[in-house]
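Engineer: 3D model of this:
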Amino acid sequence: MAEVVILPTSAEAGDLAASAIASLVSRRPDAVLGLATGSTPLSTWRALAARGLDLSRVRGFALDEYVGLPAGHPESYRAVITREVVEPLGLTPSLVRVPYDDGPLATAGERYEAAIDAAGGVDLQILGIGTTGHIGFNEPGSSFASLTRVKTLTEQTRADNARFFESLDQVPMHCVTQGLGTILRARHLVLLAFGERKAEAVAGAVEGPVTASLPGSAIQLHPHVTVIVDEAAASRLRFADYYRHAWANRFDWESL
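Structural biologist: Numbers count the residues shown, from 1 in each chain. Predicted coordinates:
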């Protein structure tokens, strides 16, 4: 069972996730982080930036990237990662990779997998979850063994992401995303979710059947998962009272 932590606000959740990253970096200054984009991890990046740590040796791999946006587009995930993660945290730009940033699209997945392997694998992967239950851009039906590859986005995902663009028509149809198999190889998964709109997906991922119909349920197959949610996102969890009880009564030596 994943460790589920329910906190009052996204700011508190972000601070807890930042603590896990800070602890990792204190042990391994050149740690490898899996970097999620979107609004969900912003509280984590802000809390981590506020700590003023030297993160210049940390290496990073973004979860995904759109296909079809022009170079330098502000909503490309390269631009988002640079703006929201690399610059605020003081990461070294050359140590942070984004899928499809080094050559032809047809072989982008193989190259990205090789780069992750060469770095020794991801130590801690930050994840969000979409309303369709996707993690990364692994839409319903994705294989649990899938690796980094090109995917077609669902219309629901495109609609959810339209808020970042001037119109739905501008949201790309395709992406390159780490696969579920790639994500599951990370040594620690930290999934964040906030708000009532994420409640159903969170409940399915944590407590529902393990099924390709809800890709987030793949986290149940991982030995070290921390799910950090606010009260709204936890509202459909059947065992929420137990999760609160377990967190309140953890041993002093237990950490994320």
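Engineer: From residue 226, how far off is the residue nearest to residue 234 when sequence neighbours are not counted?
Structural biologist: Computed as CB to CB, 6 or more residues apart in numbering, the closest residue to residue 234 that is not its neighbour in sequence is residue 6, at 4.5 Å. Quick note: C-beta positions are derived from backbone N, CA and C, even for glycine. For residue 6, the distance to residue 226 equals 12 Å [CB to CB, to the nearest Å].
Engineer: With residue 20 instead?
Structural biologist: 7 Å.
Engineer: ditto for residue 23
Structural biologist: Distance from residue 23 to residue 226, by CB to CB: 12 Å.
Engineer: Next, show the common contact partners of these two.
Structural biologist: Listed contacts common to residue 23 and residue 226 are residue 256; contacts here mean CB atoms under 8 Å, 6 or more residues apart in numbering.
Engineer: which one of these two has more residues nearby?
Structural biologist: Shown here are residue 23 and residue 226; by other CB atoms under 10 Å, residue 226 has more neighbours (20 against 13).
Engineer: Are we agreed that the more buried one is in a helix?
Structural biologist: No. Residue 226: not assigned to a helix; according to DSSP: H, G, I helix; E, B strand; the rest coil it is strand.
Engineer: Return the residues in contact with it.
Structural biologist: Contacts of residue 226 (CB under 8 Å, 6+ apart): 2-3, 5, 20, 188-191, 256.
Engineer: Select only the buried ones of the residues you listed in PyMOL?
Structural biologist: Listed next is the PyMOL selection for buried residues among the contacts of residue 226, using 16 or more other CB atoms under 10 Å:
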select buried, resi 2+3+5+20+188+189+190+191+256
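Engineer: Can you add secondary structure and give the contacts of residue 226 back as JSON lines?
Structural biologist: Formatted as JSON lines, the contacts of residue 226 follow (three-state DSSP):
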{"residue": "2", "secondary structure": "coil"}
{"residue": "3", "secondary structure": "strand"}
{"residue": "5", "secondary structure": "strand"}
{"residue": "20", "secondary structure": "helix"}
{"residue": "188", "secondary structure": "strand"}
{"residue": "189", "secondary structure": "strand"}
{"residue": "190", "secondary structure": "strand"}
{"residue": "191", "secondary structure": "strand"}
{"residue": "256", "secondary structure": "coil"}
